[in-house]
Every structure is written in C-alpha cells, then in structure tokens.
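# need a structure here:
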Amino acid sequence: MQATELFIKRPVMTTLVMLGLLFFGIVCYLKMPVSYLPAVEFPTIQVSATMSGANPETMASSVASPLEREFSSIAGLQSMSSVNSLGNTTITLQFDLDRDIDGAALDVQAAISRASSDLPDQITDPPSFQKVNPADSPILYISVTSDALPMSTVNDYTKTFLTQTISTISGVAQVDIYGEKQYAVRIRLDPRELASRKLGIDEVREAVANANVNLPLGTLEGPEQSLMLDDNGQLKHADEYKDVIVAYRDGQPVYLADLGLVEDGVKDERFSSWHNTKKSLTIAIKRQPGTNTIQIVDDIRAKLPWITSQMPASINLDIVHDKSEFIQESVQDVKFTLELAVALVILVVFIFLRNLASTFIASVAIPFSIIATFIVMKSLDFTLDTFSLMALTLSVGFVVDDAIVMIENIVRHLEMGKTPMQAARDGASEIGFTIISMTLSLAIVFVPIMFMAGIIGRVLHEFAMTITAAILVSGVVSLSLTPMLGSRWLKNKSRIAESDALFKRLSRWYEASLHFCIRHRGKTMVASGLLFLATAAAFYVIPKGFLPADDEGVIMGFTQARQGISYDALEKRQKQLIPIFAGTPGIAKQIQIIGNPLTNQGMAIAILDDPGKRKSLDEIMAGLWGPANSIPGLETYLVNPPMIPIGGKQTKGDYMYTLLSPDPDTLYKAAEDFETLLRKDPMFTGVNSDLQISTPQAEIDIDRDMASSLNVSADDIEQALFTSYGERQISTIYTTVDEYKVIMQLKPEFQENADALTMLYIRSDTSGQLVRLDALGKIRETTGPVTVNHTGQLQSVTFSFNGRPGTSMGEITAAVDKLALENLPGTVSTTFEGTAGAFAESMNSLYFLLFIAIVAIYILLGCLYESFIHPLTILSGLPSAAFGGLLTLLVFGYDLDLYGMVGIIMLIGIVKKNSIMVVDFALEAEKTGITPEEAAFQGATIRFRPIIMTTLAAIMGALPIALGIGAGAEVRRPLGLAVVGGLIISQIVTLYLTPIFYTYMDEFQTWVDKHNAKGERTAEAEG
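Below is the predicted model:
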C-alpha cells in the first residue's frame, strides 16, 4: 500500500506524528471531567403551585387541569404527570431527549401565562417552574445542626449563606434543603375569645394585615437638605404583634394577645429532618450534567472551612454522604482494570512472539491507540466514566490485534530470507487490505449503537464512540508506526515462537483435526445447524435484565403511615427507625426526613460503611427489611437506588406500573383489586401504590337558603374556614435577609376534630351579627383523597414493587402484564414506567440493533470483497460466539442485561476478524490455481498463529472485567463474562467452521457463475 510505503520511508515524520498524538492525548486526558456515568440529561421541567388549605381534588381540578391542558400542546412533550396534595400541585414535564431544554422552558412559560386567567384568585404561590434532571442524584449530603440556636436561625444561615455560597461553585446545579425551618410569626386564635368579644376571625386577619405595612414614604425636600422618611410600620417579631389593637369593645382596646397565642415559629411545622439522633437541616447538592463530580466535591470541601468560619460556632456542618468517593474509587478501579488488561495482553504477545523487539513493536500500538483516543473523547465532550474507561479496557484486546497481524506477517516474510526493510514493505502491502477490512468491519459493529434512540442510546453512545475511535486509531497505528518500526528494529534473523515445540504440536494437531472435519463436511455443517438452534434457544431461556443495581453504599427507605395521621404521630413512629438503623451492622450514618413528599410519608436514608467493612448492600437491605417494618402503623419500603433514575416519578421499588382511566370511580376500584392480586402473588414483594383516597374529611354541606337568609355568602364561609384551618399567610415581613410570613389559624386544640367547627363564628354582611358555622349547614365526617394523580391528562394510580429474589426483569414484566390482561376492565389502560418501562421499550430495539449490526457488516464486507457470498462465510461463526456468551452468563447466574447485550454485540465484531484472516488468505491462494479446499486449509493453518494470538489478546483484555475487581465491578462483570465465554467457544468453532463454510460458499459461487454463463450463452444463441 502506498500510504504504508510512505510511513516506512519517512521514519522521522512517522515518529513525530505519533508523538504528537501521544502529547495531545495526554493533554486532553488531564482536562477531561470525571464522572461515574456518561452525561445523561433528561429535558425535564417541574412546575409547582400552592394554594394553602385547598384539598387535593380542588388542586387537581382548579390548578393542575388548566395548566395540563395548555402544556399538552407543547411540541416534543414525551410525558406529563402531576401530584396534587393538600395545598400543592407539582407537574412534571419530560420532553424528548432531542428537545432543547431552554426552548421547552420558553414554551412552558408561555403556557403558564395562557392558563393564568383560568387559575383561582386565591392561589398562594402562582405557578413557577425549574429545570430538573431526574437522572442526577445528589452528589453530596451535608447535615446542619445546632445545640444552642433555634432551627429558624440555623435555617437563615443555611439558606442565605451556606446554600448561596455552594450554588456559586462551578458545576453545582441545584441545592435543596430537607427539613427547612424558615422563620414565621404564628398567630393561634381561641374561637371562644373571639365569640366573647363578638369578633369574626376575618376581622382579626384584616387588622393584622393593616398593622404590618411596608410602603414607600417619600422624602422631605428643604432648601439645604432632603430627609428620607421612615417609620415603624413593619412589625418583625411576635412580641410586636401582641400589641396590635384588633378592635374596641366597651371603649377598651382588644389586643391580639387577648385573642390567643402570638409566637415566633416556622413556616412549615409538618416537615423535619434528623441526622442520626439530632434534628437537622439536610442539604442535598446536585451537579450539572457533564461536569466533574470529583472536582465539584473537592471545591465544596475546600470552601466549607471558610463557610464554617463565617457562621456561628454553635452551628455544626457534617458531610453525611459523599458520592464522589464511590465514583473516584470506581473510576480508579476501572483504570486499574485497564492497566491490568494492558499488562495481560502484552504478556500474551510476548509468550507467542518470544522476541523483545517484536513484542515491543506490537505492544506499542496499545498506549498510542488508547491515548490518541482521548483526543476524540475530549473533542466530543465525553467524560472519564466507567463506560468510556470500560470501552478503552475492552479495546485493549482489539487495538493490538492489527499490530499483531502486521508484525506476524512481516516476520513471516523475514523467515523467507528477506531483509527487514523488504519484509516490512512486502508484509505490510500483503496484509494491509486485511487490516483495513478487520478494522472497518469491527468499527461498524458499534455504529448502530451510536444512533440508538432513547435513554439506552444516550448511555451507550459514549461507549460506542470511544471504542470505535480506539479501533480506528489502532488501524492507523498498525498501518504506519508498526511497519516503520518493523523495518528498523527487526533483524534478519528475527524469528517468532512458531518453532516452539508446544506450538508445533498444537499446530499439527489442529491440521490433523481440520483434515478430518473437511473430510466430514456434511456432519460438521449439521453440528453448525444444531449450534444455531442452541443459540436461539439460549436467547429464549436466558433471564432478561436491564440496568443492574450498583452498590453505592446508600439504601433509600420510603416510609408511609395511615392516611390522615397527624404530624406528631408520624414523627413519633418514624423516629423509632433511628435506633433500628443505628443497630444494623454495616450502617454508618442515617438521615430521617419526616413529612415529605406527603404529610403521611417520609424518607429514611442509610449511609453504609466502606465495602470492606460490611456485607453486601443487598444482604444488609434484606436484614433491615423485617425490623424496619416492625413499627406498628408505619410501612417502610427499602430500595437500592437505580444506576440511572428514569422517569419523573418517585418510586418505592424496582418497578413502576401505572393504571389510567378517564373514570376515577372505575380506576380506583380496579386499582384496589389489582393491588390485592399483586400482594397475593409470591413473585412480587414490597407492593405499594400512590392510591390514597381514604383520608378522614369533615365535609360541610352549606344550606344556601339559610345562609342567604342570614346574609352570609359561600365566600364568607370559605374565607373564614381558610383563615381558621388553612395556615393562611395573612402578611409578609420584609427584611434584608429574607421574606417571612405571618400565619394565622386557630389554636391546635380547636383543630382536633369536626366538633371544633361548631365554635367558629362568621359575621353577616348586612346585619353584622355573628352566625355559628353549624347554623349554616350540616357537618359530617367522610373520607377523601390524600393525593389526586394525573398521568397525561388522565387520573392514574401507580404501583411500585420489587421482584422475588432470583427473578429477572423480563419475568416480572411478563407476569404483571398477564395479571393486568386477565383482571382489569377494558376502560383501564396500563403502562410500565421508569426502569421497567425503558426495559420493555429497549429489549426489542436491542435485538433489532443486533440484526442491524450484522446487516451493516455484511454490506461492508460485500463491498470490500466484491462478493455476495464470502461475507456469509465470514459471518458463519457468529452463532457460536453468541452461544458461548449466553452459555457463560447462564452458568454464572447472570441475566442478559444491558452489559451482557453489549458483550454479545462486541462478539460479532471480534469473531469475524478471525474469519476475515482465513477468507482473505484463501481468496488470494485460490488465484494461484489450487482448489478451494486447499486454499481454505492453507488460510486456516497459516493464519492459525495470529488467530490464536489475537483471540487470546482479546480474552486477556476482557478478563479483568470478567473477574469483577473493584468498586462497582460486579455490575460490569456480565460484559466481561459474555466476551470471554463467547471467544473461547467461538474460537474453537470458527477454526473449523470457517474453512468448511468457505468451501461450500465457493462451490455455490461456482454454480451461480456457471448458471449465469449458461444463461448468457442461451440468450446469445437465441439472439
């Protein structure tokens, strides 16, 4: 080849070009961000609105529905779901992965503006939105506690100083506060005191609102100076509100303090966080996609001493969990795996070549190819993560292949008596086309993965691009640097280990066995057919998985108490989890979050010890499940957080299954029955749902005739109820630090049951008389929903559950679908969401991807060899490779998950490289006039040495991954096992099948040629 000749002739140019690639590759490597996974950003926007005191049905109908109608018309909207609870609506909008998030945000803002006219006037906080990424879990948890200061003061320092400072650090995307305790003035009125002074509760509200003002006052302008005006219209503390005069009775002022309690409190009394045994604020920090997690955490840690010095000494900051430690350990272990793979591959090369110069020339392709790949990765904004480093590890066995084939062929020409320069020229020229064929056909295997749609495509894109770049670079190195070094470093008497007695014995045994198989071609082909059937059967029976769970040292617990439970009762029960978690071996720290996301729910986060000091996460979680669910009235669902959270909904299990219907009555009845079926089936564990429709309610049936006769409107009644029981924010305190609310309600003892409603008085609009609430209607106790959930614009119920240990994701999804098909009414539709939904969507596409990869290779090989037939010869060994990979996974008890499927796809590229070497030589040999059988035999035996070498190199490259060494290695192990097992079996099969298949294909080609020639002669005779 002319290009190879140029590199051999100009060694200085070749050396400088390669050193340039090495230099810039190292520079790019040092500048690349480090992460655990590739940057996977879901274009997701979360819209929230509040209307204090409104029940879930009111929030769903008056707030969520108008917004959802407008959102549904936004282009690229993939899914929309909403959760409507007491006073809150949260709508999650997830867009197509290709949708620009900034453009989507503009569309969302426009939709909110269009819907604003349909929203209630009483809305407390109008709809606002923020960009979120559900695929990103917090990288750092920080606990803020104090033994001396009130939590509201701690909250001020945390919110206005700590979180603001951290938010300015490069790479930080979001800082959340769990258990926030923002200061508020709490006014708790006694309805008996109001009645005795003939005061309506709304009169008190108006008096307080008028007493706390913060208006512009202007200036006084004199001839010489101007004076700004200021006053004490702003009341900032509870003591100042006590002296507010509400009214005069009998000539005496009625102070606010006379009507109840006025005290310093917090805005949200039903939300708290605990770190171990101390009440705390929990800071959860998330990073921006594509940024360096380790660098961000290092920057935050470096800033914490300064932050601590600026805060009161009694405030303590404690890092509860640092995800970067796991990422750093995992990435370091993958780097070690890469280094080990390089060492093993070089060892294999040396064992076969037994020549230091040849070993160095072949092995130098590894660092040059891998380091040069960093240039491509940096230009594409990739990160150093487990997927990209795993791609480089696997590529170690490939990048050396081309160099091995090149150096082996050059040495073979040296053995013919040629000079090193001539051997390099002739060997490179002879083998150049083969190397190009092998490189391109291997690279094209991964092209379909690059363009794969959905979340799996995003995860695998970086992997596919990295390994493809490494393969292409290795081809360039093998066609340039390798022959140049061979022409200078090899000597006339350079030999490789073919003369080794063991190898000679192995080679003779192979030749004899190959002769036997060629004599019994038919039986060999029958065995090949049986192997193909066995491969299909293995694909059918192997359990199917998706994204394996990793051990990041965190267990997420989701707690749920009965509907309608008070906050104090919930806190009492969940705090009983603290000693249970603390007494569980392997748990180092814990965070308890109470009252989130709903008033009867909470979270319990267990931070585990280092892996070397404890059992596996699954074992700890299994041992914790029983004790955590031994607390009466509290259910705890434990989850190993998924590697990549998928979807906008929070799940309390590994699977999410959603029922939808336009008829809520049908939906709720079907959901209750379906949950019973799931709980009875032993295949499912930890079954729960977001169906909560039985919370106690006090319903007021207004007698409109009576109310009208007493001149009391429905608005008067609802305003009074809102002020009494809705924690109404009646005024705002503005300070230089933050804004604080003044909240009014009745005393807690007058909110305990429905009987307390009879003490509430409402003033008539015209007569001015106070009318008791029970005179205006009937009060009865009923039940109602805690939440009303929508998926799309339909009401929905979502189930979360786990599978019985030992069951695969494929078995679980099939069982749930069957159960739904047999038991749900036709008006109720179903869908898997989250990880299970992505699994159901991805498995078919992965099989199709496998087919596309084979078609792409066939097309490329057909073009390279100008043949329709011989690409089939090269692909004939694929079933054996797939069978070997699947069989290995079955033997070791692994599912065919995402990693295993990638391993199977990789085998397609690796195995056909061996066949290419045989077919390429045989085609050239046939041109000398020998028979197809002789040509196939020579191709197989002469290429036997490089085939064995390249296969063993590929096995050594994947072996460290198959062994599962280091943090997070267990989840990557199926990939290594599939590659190693597939290569071992396919190596044995293809050494015999390829030459035999070649003879059949050659005979078929000859028959086709004769048939075409006969047709042409007949046409000419008739013409």
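# show me the shaky parts of the stretch 51-200 of the chain.
By pLDDT under 70, the low-scoring segments of the stretch 51-200 of the chain are 134-135.
# can you map out the helices along it?
Assignment of helices within the stretch 51-200 of the chain using DSSP state H, counting those that start in this stretch yields the ranges 56-59, 65-71, 101-115, 151-157, 163-167, 191-196.
# now do the buried residues in the last one.
Right, the one you point to is helix 191-196. By neighbour count, and taking 16 or more other C-beta atoms under 10 Å as the criterion, the buried residues in helix 191-196 are 191, 194. The C-beta positions use only the backbone N, C-alpha and C, and glycine is treated the same way.
# check stretch 795-813 too.
So stretch 795-813, judged by 16+ other C-beta under 10 Å, has buried residues 795-803, 807-813.
# quick check: the farthest pair among these?
In terms of C-beta to C-beta, those reach their longest pairwise distance at Gln795 and Ser808, which sit 31.8 Å apart.
# now do the strand or helix carrying Met13: distance to the chain's middle.
In this structure, Met13 sits in helix 11-31 according to DSSP states H and E. Relative to the centre of its chain, helix 11-31 is centred 35 Å away, using C-alpha atoms, centre = their mean, to the nearest Å.
# quick one: low-confidence ranges for the stretch 501-650 of the chain?
501-502, 647-648.
# all strands of it, in order?
Chain-ordered strands for the stretch 501-650 of the chain, with DSSP state E, counting those that start in this stretch as the definition, fall at 554-561, 587-594, 601-608, 634-639.
# how far away is the closest residue to Phe750 other than its chain neighbours from Ser764?
Of all residues beyond its chain neighbours, the one nearest Phe750 is Ala756 (4.6 Å), with distances taken as C-beta to C-beta, 6 or more residues apart in numbering. Distance, Ala756 to Ser764, using C-beta to C-beta, to the nearest Å: 22 Å.
# residues contacting the helix or strand encompassing Thr282, please?
For Thr282, the enclosing helix or strand under DSSP H and E is strand 278-287. Applying C-beta atoms under 8 Å, 6 or more residues apart in numbering, the external contacts of strand 278-287 come out as 133, 136-145, 151, 154-155, 158, 162-163, 166, 171-181, 272-275, 293, 296, 300, 320, 591, 593.
# which SS class is Tyr36?
Three-state secondary structure (criterion: DSSP: H, G, I helix; E, B strand; the rest coil) places Tyr36 in coil.
# the spatially most central residue of the chain and Pro38: what is the separation?
Centre of the chain computed as the mean C-alpha position; nearest residue by C-alpha atoms, centre = their mean is Ile644, 1.6 Å away. Distance, Ile644 to Pro38, by C-beta to C-beta: 9 Å.
# overlap in contacts of these two?
Val459.
# now do the helices in the stretch 851-1000 of the chain.
Counting by DSSP H, counting those that start in this stretch, the segments of the stretch 851-1000 of the chain that form helices are 870-875, 878-891, 898-926, 932-942, 944-963, 969-1022.
# and the ones you listed: which comes nearest Glu57?
Between Glu57 and these, the shortest gap by C-beta to C-beta is with helix 898-926, which sits at 41.3 Å.
# quick revisit: show me what the helix holding Met13 packs onto, helices and strands only.
With contacts defined as 3 or more C-beta pairs under 8 Å, 6 or more residues apart in numbering; DSSP states H and E, the packing partners of helix 11-31 are helix 365-379, helix 454-489.
# any chance of those helices in a markdown table, with distance to Gly900, mean pLDDT and mean neighbour count too?
Written out in a markdown table, the entries for the helices and strands packed on helix 11-31 read as follows (distance: least, C-beta to C-beta, whole Å; pLDDT from 0 to 100; neighbours: other C-beta atoms under 10 Å):
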| stretch | distance to Gly900 | mean pLDDT | mean neighbour count |
| --- | --- | --- | --- |
| helix 365-379 | 24 | 90 | 22 |
| helix 454-489 | 13 | 84 | 23 |
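# which one of those lies nearest to Asp239?
Minimum separation from Asp239 across those (C-beta to C-beta) falls at helix 454-489, 55.7 Å.
# Thr803 reaches Pro682, doesn't it?
One thing to correct before we go on: residue 803 is Gly, not Thr. No - with contacts defined as C-beta atoms under 8 Å, Gly803 does not count as touching Pro682, sitting 10.6 Å away.
# just the ones of the buried residues of stretch 795-813 in helices?
809-813 (DSSP state H).
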